[in-house]
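In: here you go, sequence then predicted model.
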Amino acid sequence: MLLPFAGDVCFAQSATPGSTIALDPIVVEQKRAPTPSRKRAASRSSARSAQPLPNNGPAATEAAAPPSENSTDIVGKRFEVLPGGVARVPLQELSNTGNPTVSRALSSVPGVVVQNFFGGNDQPRIQIRGSGLQQNPVERGVLVLYNGMPINRADGSYIVGFANPQQAETLEVYRGYMANRLGATVLGGALNFISPTGSTQPGSELTVSGGSFGQINTSGQTGFKKDNVDGLLQFDTSRRSGFRDYNSSERESVSANVGVALSENVKTRVFMGYTDLGFDVSGPLTKNALYANPRQVATGPTVIAGTSVNPGPNVVRDQPRRDASQFLVGSRTTATFDAHLFDVAFGYTHTDDTFRFPISSGVRTTNGGDFTSLLRYAYNPANALLPLFETTAQYTVGSADRGYFLNQGGQTGAQFGANELKAQTLALFAGSNVPMWHQFVLSPSISYAYATRDNDDLYSQARRPTIAYSPTSPTTLLANGSVATQNNSYSRRYAGWSPSLALSYRPDALQTFFIAGSHSFEPPTHDDLIATINGTPNSSAGRPNPASAVLASAVFSTPDLKAQTANTVEGGWRGRADRFSWDAVTYYSWVDNELLSLRDATGASLGAINAGRTTHFGVELGAGVRITEQVSGRIAYTYQDFRFVNDPVRGNNRLGGAPPHLIYAQLQYQATEAWKVQGAVRWSPTAVPVDNMNTLYADPYAVVDLRSEYKFNKNLRVFGEITNLFNKTYASSTLVIDQARADQAAFLPGDGRGFYAGIKATF
């Protein structure tokens, strides 16, 4: 995780326009005569707080509660007037669960689709508006931020397990072009996890929880604020045996940040952190196996009368697993001079990642570092909620040593590849928010991205080794083989402009209408540009026929991919009236050269390709209502229709892996001031295509969760929950295949019924 500068209250943590740089001073307990800059800041804060806009919109648990008039509410007001798809979710309640996960944190956000792969701290598929949809695992398509700075590597890839909601107090979501100003070079958008500081959460707290599937979690933090200095230290640990037979996971994380007010106009914060993550990859099942016993793991294809059936990985033999760690250090400085706002940040991360794939891909190790620098300026006069002008320059450069090894019975075998991967990404942005006639605001912007992806093949042997097991006896090792080494070096360059134009209208202080047109530009990552190929569930890459040890086949694919681009139109309406709040957005994207990472009928990688023309159409709807003084509800609905357009092979089929409809609904009953009860349903009401040929589908499902919390006093509370109350057997996600078979091992079971409880103490 990258936990960068998070200034006083919430401004430096938020990534909304003006917020990362418009800081209130850290209060020094000494009376001083007000300076002109203090008078201006107070005037602006007063002017903004006079507008009766909701704090968090429909994403908040108390959806129709009156907003609090404090500095955090200013950020909420900025979200209300942004001309695009955004959401802001308080995560204070997330720590009060025995099962804290990224999918839980994002479940109430429309337009953000999270499909669990293996439960716990695994590698879920996160996609916004279809970007990165077909990667397995998904490591592209979303810019993931902590306090406004990326955890993505220089090539745009990321490990979603490093995004830790357990150490966040608020989550900001920017869909589509709204993420361009943050340095995003993706179609989907950005997620910003905001961590607390010693100013926002002074004192100490400790949480212990656990429950089903061997899960136990411990987390704690302590923060302080004294004069012009504040600081915070956090830690959390998680252990889980898992729902399935091969399904354990663990995570340890520690982070700290210290902020100092150098003057009334200049603040700085230093940060550091370390996360260690590991989880078993329990793999997919066939549909029949899923419903027969969702706890089992696949043992690979079987041969019946000379025909292979149930294609898929042999998890029992190959024991796929991922272990990754990340260390970070950096600093950020913010300065405010009248209406001029400046922000400068630097950060460095070192990532060590070992991914033991099934035998068809082998063991992949990646070890390297990335350096990010950020410079931002905004002109934000006192009477403007959003900056009249803002510009950002972000540059990320990094390199990594990557090794490829044979997976021999779950152990790291002989090396068959070695590469040095280098990348740099420069993102420039300039935009404005110009007041027009009768509450109209025109928001033009333009961004430019330049990216390089270089790979040097360092493998020095003349031949690359291969191994295979007998398809009729999957534990019997066949004769070793090898193929001639072919150089897989490449050098790619990508550059593109992304203009946008939005028009918003506010008929009153409680509603915002907007329409927008935008262009997006997304270069491929190294995981798109190099892939192991020509493996099977019983043989390593470069050996498509296990019985043939000398068949000459390529081990790597290095396609000359183009950048993915899109033109998008969208419109929306957000607001509140009486007991109701709502946020509705619809969009339509014409996508060129969409990046698809394909797999064959066995689940083995085929490498990435550029599709021709595709279209992405969606609806993102969030709504909240206070039914009575004690009962409130909210709903998040996402509709997705992603299709090929006259593809010579796939016609106008839907893209595999995208649920057409997703619904999350929650009802809360505040029985007493101390006791509350929540019920929630996660519902996928229609079948989801597994493959691009639309021949195999995951079935609809609905899962019900119950939660309760009792607060003894302001310092002690207990909580409990039941997940999947009716013990529904369902596929929480699937592999995405180009053309699947009916007996394909492609379905990833969701957890069965689980019971969790915990206690939280604050000091």
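Out: The structure has been received and is ready for your questions.
In: number of nearby residues for residue 204?
Out: 14 (other C-beta atoms under 10 Å). The way it works is simple: take the backbone N, C-alpha and C, and place the C-beta from them, glycine included.
In: element containing it?
Out: Assessed by DSSP states H and E, residue 204 sits inside strand 203-211.
In: who does the helix or strand just after that strand pair up with?
Out: Counting by DSSP H and E, the element after strand 203-211 in chain order, helix or strand, is strand 215-226. Within its sheet, strand 215-226 is paired with strand 203-211 (antiparallel), strand 229-240 (antiparallel), according to DSSP bridges.
In: got the contact list for the strand holding residue 204?
Out: 95-99, 216-223, 719, 754-763 (C-beta atoms under 8 Å, 6 or more residues apart in numbering).
In: re the thing from before, can you tell me which of the strands paired with strand 215-226 is most buried?
Out: The highest mean neighbour count among those, using mean count of other C-beta atoms under 10 Å, belongs to strand 229-240: a mean of 21.
In: turn the strands paired with strand 215-226 into CSV, including mean pLDDT.
Out: Formatted as CSV, the strands paired with strand 215-226 follow (pLDDT from 0 to 100):
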stretch, mean pLDDT
strand 203-211, 94
strand 229-240, 94
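In: residue 518 is nearest to which of the ones you listed?
Out: Each of these has some distance to residue 518 by C-beta to C-beta; the shortest is strand 229-240, at 36.3 Å.
In: rewinding a little: let's have the strands paired with strand 215-226 in a markdown table, adding distance to residue 80.
Out: Output for those, formatted as a markdown table (distance: least, C-beta to C-beta, whole Å):
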| stretch | distance to residue 80 |
| --- | --- |
| strand 203-211 | 30 |
| strand 229-240 | 28 |
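In: neighbours around residue 383, how many?
Out: 11.
In: against residue 744, how distant is it?
Out: 60 Å (C-beta to C-beta, to the nearest Å).
In: report the distance from the strand holding residue 204 to the chain centre.
Out: 25 Å (C-alpha atoms, centre = their mean, to the nearest Å).
In: what are the boundaries of the strands in the stretch 101-250 of the chain?
Out: For the stretch 101-250 of the chain, the strands defined by DSSP state E, counting those that start in this stretch cover 112-115, 125-128, 142-146, 149-150, 170-175, 189-194, 203-211, 215-226, 229-240, 249-261.
In: wait, residue 111 touches residue 85, no?
Out: Yes - contact criterion C-beta atoms under 8 Å: residue 111 and residue 85 qualify, at 5.9 Å.
In: residue 346 and residue 297: what is the separation?
Out: Distance from residue 346 to residue 297, by C-beta to C-beta: 44 Å.
In: try residue 616
Out: 34 Å.
In: neighbour-wise, which of residue 346 and residue 297 wins?
Out: Neighbours per residue, other C-beta under 10 Å: of residue 346 and residue 297, the larger number sits with residue 297, 24 against 16.
In: so where do the helices sit in the stretch 601-750 of the chain?
Out: Along the stretch 601-750 of the chain, counting by DSSP state H, counting those that start in this stretch, no stretch forms helices.
In: ok, the chain next?
Out: Secondary structure of the chain (DSSP state H): helices located at 36-49, 71-81, 102-106, 287-292, 315-318, 526-529.
In: who are the packing partners of the second one?
Out: When contacts are defined as 3 or more C-beta pairs under 8 Å, 6 or more residues apart in numbering; DSSP states H and E, helix 71-81 sits against helix 36-49, strand 86-90.
In: any low-confidence regions in the stretch 551-700 of the chain?
Out: For the stretch 551-700 of the chain, no stretch has pLDDT under 70.
In: in this protein, where's the longest strand?
Out: Criterion DSSP state E: the longest strand present in the chain is strand 411-432.
In: so what's residue 757 up against?
Out: If you count contacts by C-beta under 8 Å, 6+ apart, residue 757 has them with 98, 209, 210, 211, 718, 719, 720, 721.
In: same check on residue 543?
Out: So residue 543 contacts 466, 467, 468, 481, 483, 534, 535, 536, 549, 551, 553 (C-beta under 8 Å, 6+ apart).
In: next step: those restricted to strands.
Out: Per DSSP E, these map to strands at 466, 481, 483.
In: which pLDDT value goes with the second one?
Out: Think residue 481. What the model reports as pLDDT for residue 481 is 94.
In: burial count for it?
Out: 20.
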